[in-house]
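Asker: Here is my input, please return the structure:
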Amino acid sequence: MNLSSLRPALTDIGPTTTVWIDSRRGDETGGHEVPVRWESLAERLRDLGAPDADLAALAEPATAPTGRPDPSSRVMAARDGRVLLDQVLVTTPPDAVGMVAFEQVPDVGPVVRARQFQVAFVVARIDRTGADIDVFSALGAPAQEVEQIRGETLHIHKVRVGGWAQLRFQHHTEEVWRRNAEEVAAAIHATAQEHGVTLLVLGGDVRARTLVAEYLPKEPVGQGYEVLEVEGDVRAAGASDEALDQAVHRAVAARMTREVDGALDRLRAARSPAHDGTRTGTAAEDVDRTVAAFQQGRVALLLLDPSALRHRRLEVGAGPYDVAVPGGPRPWDGEAVSVPADLALLRAAVLTDADVVLVRDADLDVPDGAAALLRWGEPEGRTTEARDGVRLP
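Answerer: Residues are numbered from 1 along each chain as shown. Prediction:
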């Protein structure tokens, strides 16, 4: 996932006020409830020691409309009276009010979680005459845009006319289907490009959606499309939108699960001995080893269970590779501050261009709350640093 937009907020360290506020304004009382939520969160921040200057800087954006339909929320961070981060999310805090933190780095966990689990996608309900095309910013969010495509309808159904004319009519029908499919594919492509979406969900008539998939560009700018197909003639008379919604939800949710499962599979493979019985050291299996790998700039992918690490602390310094276990090697001179371990590792990942996958209930694969896939390994037997008798990457 692309987390580069978080880099400006994470580069420097210092006392930072972070708030994640539920911004929903779904009824006539919404305009009043958001300021009430903010006052509750501001009081909690004062109890944590957040300065008045930060609260004053955050008050206006915290209560302002997000410009997005419900559900929506806002993650903001301020330091020295200046707003460092202001991101609108399409999900809301679990308590329907918000969460706060006052630490030496911003708590960007909600943003990272949103980037991973709230993928944008296009849904196309397709038949042989056209399609309804919807754009969604995330599962559970309302459609951002709705478009209808109507193609040709003459001879759209094959007819039994008999004699020499039958093949001519059938050929014409096939051509109409293809022209309609090509038009629908072009519209889906234009919509996806406009919204920066690469995940496409196609539902409807089997033959029609197969033709549309054939006409989709194979290599749009940047990366190829990922196409999921769901069953059901969703544009037929009496067809249920609820059935499509459930099918789309299952398909997109399964896709996100596959991303996490794939990362765990790669971690297991990296920990397994090579065919000759040696270990190449391409995985860091716990917090200590992951920290050591970050110090060396070797982390390609961080697997992190934030809830398992919030109670632990790590030390961080000003530089991108400046993260250390308390009492362990600290390969930098100058200031070191203590922060929750999950925030320290997320900061290191963002500043060193490592990818991040959040995991839950992965006790067998990530029992210590953090693990990593490394950019390069070392042959078994090479001398490496040890801590408490344990070899580190």
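
Asker: where exactly do the helices run in the stretch 1-150 of the chain?
Answerer: Here the stretch 1-150 of the chain has its helices, by DSSP state H, counting those that start in this stretch, at 7-10, 30-48, 52-63, 109-117.

Asker: Using CSV, lay out those helices together with distance to Val359, mean pLDDT and mean neighbour count.
Answerer: Placement of C-beta: from N, CA and C, glycine included. CSV is the format used below for the helices of the stretch 1-150 of the chain (distance: least, Cβ to Cβ, whole Å; pLDDT from 0 to 100; neighbours: other Cβ atoms under 10 Å):
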stretch, distance to Val359, mean pLDDT, mean neighbour count
helix 7-10, 21, 96, 18
helix 30-48, 28, 93, 16
helix 52-63, 30, 97, 18
helix 109-117, 10, 91, 19
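
Asker: In a markdown table, list the ones you listed along with distance to Gln144.
Answerer: Putting the helices of the stretch 1-150 of the chain into a markdown table (distance: least, Cβ to Cβ, whole Å) gives the following:
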| stretch | distance to Gln144 |
| --- | --- |
| helix 7-10 | 26 |
| helix 30-48 | 20 |
| helix 52-63 | 22 |
| helix 109-117 | 16 |
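
Asker: Minimum distance to Leu84: which of those helices has it?
Answerer: helix 7-10 (4.3 Å; Cβ to Cβ).

Asker: residues in contact with that closest one?
Answerer: Helix 7-10 has contacts (Cβ atoms under 8 Å, 6 or more residues apart in numbering) with Ala77, Leu84, Leu85, Val105, Pro106, Val108, Leu346, Arg347, Val350, Leu351.

Asker: so what's Met99 closest to, chain neighbours aside?
Answerer: In this structure, Met99 finds its nearest non-sequential neighbour in Trp20, 4.6 Å apart by Cβ to Cβ, 6 or more residues apart in numbering.

Asker: And that neighbour, how far from Val230?
Answerer: Trp20 sits at a distance of 33 Å from Val230 (criterion: Cβ to Cβ, to the nearest Å).

Asker: quick one, which of those two is more surrounded?
Answerer: Remark: of Trp20 and Val230, Trp20 carries more neighbours, 25 against 21, as counted by other Cβ atoms under 10 Å.

Asker: that older thread, quick one, which of the helices of the stretch 1-150 of the chain gets closest to Thr210.
Answerer: Across these, closest to Thr210 is helix 109-117 (Cβ to Cβ), at 29.9 Å.

Asker: I'd like the distance from the closest one to the chain centre, please.
Answerer: Relative to its parent chain, helix 109-117 has a centroid offset of 5 Å by Cα atoms, centre = their mean, to the nearest Å.

Asker: Quick check, Trp376 in contact with Thr282.
Answerer: Yes: between Trp376 and Thr282 a contact is recorded at 7.4 Å, counting by Cβ atoms under 8 Å.

Asker: And the residue nearest to Asp368 when sequence neighbours are not counted, how far from Leu351?
Answerer: Nearest non-adjacent residue to Asp368, counting by Cβ to Cβ, 6+ apart: Asp286, 3.8 Å away. The gap separating Asp286 from Leu351 is 21 Å, by Cβ to Cβ.

Asker: now the stretch 101-250 of the chain, which segments are flagged as low pLDDT?
Answerer: Applying pLDDT under 70 to the stretch 101-250 of the chain picks out residues 151-173, 219-223, 232-241.

Asker: before we move on, back to that, quick check: the residue nearest to Asp368 vs Ala372, distance?
Answerer: Between Asp286 and Ala372 the distance is 10 Å, computed by Cβ to Cβ.

Asker: Alright, that wraps it up for me.
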